[in-house]
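Participant: Structure for this input, please:
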Amino acid sequence: MKAACLSGTVRQLKAGVATAVFAWMLVSVAHAEILHQETFETDGDGERYDLFDPGFEFTGDSGPGIWGLNFDAEQIGLQQNAPARRAAILWNHEMFPEVPAPESLEVWVSLTEWAVDNKEGAKIGFFPGYEFTEGSLIVAEALENAGYNLEEVLDPADVPTDLDVLIHSSESASTAFAELKTPIISYSSSDHDDTAIAGIGSAHDFLDPVELMVPVEHEGHPALGGKTGMIPWTAEEATLRGIGKLHNGGKAIAFAEDPLTGDDTPAIFVIEEGDPLLGAFNPDPQGDGYLVGAALNKFGTGGERTVDIGPIDIAGKSDLALTVDLAATAADFESGDYLRIEADIDGETVVLDEFWGVDDPGSDCLKGLSNGDFPGEEGDICLPETDFEEFTFAVPSGNEVTLRFALLSTWGNEVTAIDNIRLHSGPLAANPDFNGNGELDAGDLDELTAGMAANDLAYDLTEDGVTDYQDRVSWVRDSKGTWIGDSNLDGVFTSSDFVLVFTAGKFETGDEASWSEGDWDGDKFFSSSDFVAAFIDGGFEAGERNAVSVVPEPSSILMIFVGMAWLYGRMRRR
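Facilitator: Down below sits the predicted model:
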């Protein structure tokens, strides 16, 4: 029986050899012609490119301003990570005394206990005071009754150093608070972005008493003082100032029901010390350097900044395109802020694309940059806020072109970054580092498997208009420089690769497999077709690919396969 099974598998191998050989011969890779490339790895201002009014400056309340290379800045954007605990809460400094439910004031006490790490008699500062706004006075009295000491803070530049927590109680913006090494609790909704806790919140007009819902996963959070399920928040209708766009640096531990949409809206959002704040900007460039702009209205001459690259000779070139890596925070951009990409071709300026700050509160790109038809609208591209992403724009033909990037922004948390600019004739091949971790590894091949199934042209390494097995061959052969069958991607195809895949136990089981589990041909399974692919490539025990030019004879391939099948049988018996 075992011999019959093995014979059947060998017949499958023979049947596939001719077809696989033919497919292998069809592999060919076309390459675009790179006419100009700028990676900003070194300072090239005045030589490789021209910056208008570069510089770096701490601009006070507006945060750090920069127009230049990232390594020229002492700090990019506002504080990256919380220097102390932070929280935003659904409240209103103009609330009447009869509005809050008693349970809401109990949460205020527990939230403060969390912020000061249970320090007894802690000193609580209110900015800009509490005595003349009833909603703040209610909170102050509740905290005083709980044994805390209160102090009014009237000047954001003069925050006492001995405060244990600062409550940012009403509308008075200060990005300086983002750097404060004191815990902050804020219900100044229009300033959440300036303190880098969350996005700008809007006012919610609740027509009925408000209850907060605590998600099960946060029922034990100390900021809630042990409260679970539904928490009564107001005793009657109320207008409360909400919390805007959240981010992955914190947790929404309680929600209210939005009175307009019926959706959940965050009511308490907390950030632990050391976790990322809103607009934290630390993208991974293709090298070490990139061009970056922030708070451009606030230093130097102010206003729009530009970088010109060129002139570049494009005479006789066709199918021109600009490919560039872009990233931008999504914290505070407004409709008057922009990134405009232009091409000055033979003296005529053409706008390739334009990205504006998004004002639409229902947009996932709120306060980011997007190429909408009008300022403030979301388009089909939202610039990524956590890492660079590659974008390509068509460029008209001509004789000579100067590429121009123009930026305008106001605050230090409005950051735009540009990297790896390439002007090319013909399409660029896809970047083989599909998972973006800076390495060519098995994860890239597993992503390519999904790309093959979906015919996603983002994975089209061969630039033939389809994503298929030939792109897998290109990744293995041309990008990684190894063999089909090199399961551990150590550069050689040996028996250790067979041990690895057979140990996974997915051969001919019908279970989905990864590259390291034997799916070498990208059909999501480990079967005899993977041996066809590997043995046609001819790398078994042949050493490193760049040192080999001879493909084993089919008889040798069959002998190797029989041996490996015998090895698998031995492993199964164990």
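Participant: Can you give me the domain boundaries for this protein?
Facilitator: 2-31+434-573, 33-78+280-425, 86-271 (automatic domain parsing).
Participant: Dump these into JSON lines; add mean pLDDT and mean neighbour count as well.
Facilitator: All C-beta spots, glycine's among them, are computed from the backbone N, C-alpha and C. As requested, the domains of the chain are exported to JSON lines (pLDDT from 0 to 100; neighbours: other Cβ atoms under 10 Å):
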{"stretch": "domain 2-31+434-573", "mean pLDDT": "74", "mean neighbour count": "17"}
{"stretch": "domain 33-78+280-425", "mean pLDDT": "91", "mean neighbour count": "19"}
{"stretch": "domain 86-271", "mean pLDDT": "91", "mean neighbour count": "19"}
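Participant: Next up, the contacts around the closest residue to Gly229 other than its chain neighbours.
Facilitator: Nearest non-adjacent residue to Gly229, counting by Cβ to Cβ, 6 or more residues apart in numbering: Val214, 6.2 Å away. By Cβ atoms under 8 Å, 6 or more residues apart in numbering, the contact list for Val214 reads 224, 227-231, 253-254.
Participant: Reformat those into JSON lines and put distance to Phe493 next to each item.
Facilitator: Shown next, in JSON lines, are these (distance: Cβ to Cβ, whole Å):
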{"residue": "Leu224", "distance to Phe493": "57"}
{"residue": "Lys227", "distance to Phe493": "60"}
{"residue": "Thr228", "distance to Phe493": "57"}
{"residue": "Gly229", "distance to Phe493": "59"}
{"residue": "Met230", "distance to Phe493": "61"}
{"residue": "Ile231", "distance to Phe493": "61"}
{"residue": "Ile253", "distance to Phe493": "52"}
{"residue": "Ala254", "distance to Phe493": "56"}
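Participant: Ser202: which of these is nearest?
Facilitator: Closest approach between the contacts of Val214 and Ser202, by Cβ to Cβ: Ala254, at 17.8 Å.
Participant: quick check, nearest of the contacts of Val214 to Asp325?
Facilitator: Checking those against Asp325 by Cβ to Cβ gives Ile253 as the nearest, at 36.1 Å.
Participant: Show the contacting residues for the closest one.
Facilitator: 214-215, 218, 221, 223-224, 268-270 are the contacts of Ile253 under Cβ under 8 Å, 6+ apart.
Participant: just checking, which of the residues you listed belong to strands?
Facilitator: If you go by DSSP state E, those have 268-270 in strands.
Participant: Go through these and name the one nearest Thr261.
Facilitator: The closest of the ones in strands among the contacts of Ile253 to Thr261 turns out to be Phe269 (Cβ to Cβ; 18.4 Å).
Participant: Find the centremost residue of the chain, please.
Facilitator: Nearest residue to the geometric centre of the chain (Cα atoms, centre = their mean): Thr386, 3.1 Å.
Participant: residues contacting the nearest residue to that residue once chain neighbours are set aside?
Facilitator: In space, and not counting its chain neighbours, Thr386 is closest to Pro283: 7.0 Å by Cβ to Cβ, 6+ apart. By Cβ under 8 Å, 6+ apart, the contact set of Pro283 is 290, 327, 386-388, 417.
Participant: ok so, going back, okay if I get the ones in strands among the contacts of Ile253 as a markdown table plus distance to Pro259?
Facilitator: Below are the ones in strands among the contacts of Ile253 laid out as a markdown table (distance: Cβ to Cβ, whole Å):
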| residue | distance to Pro259 |
| --- | --- |
| Ile268 | 18 |
| Phe269 | 19 |
| Val270 | 24 |
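Participant: No more questions from me, cheers.
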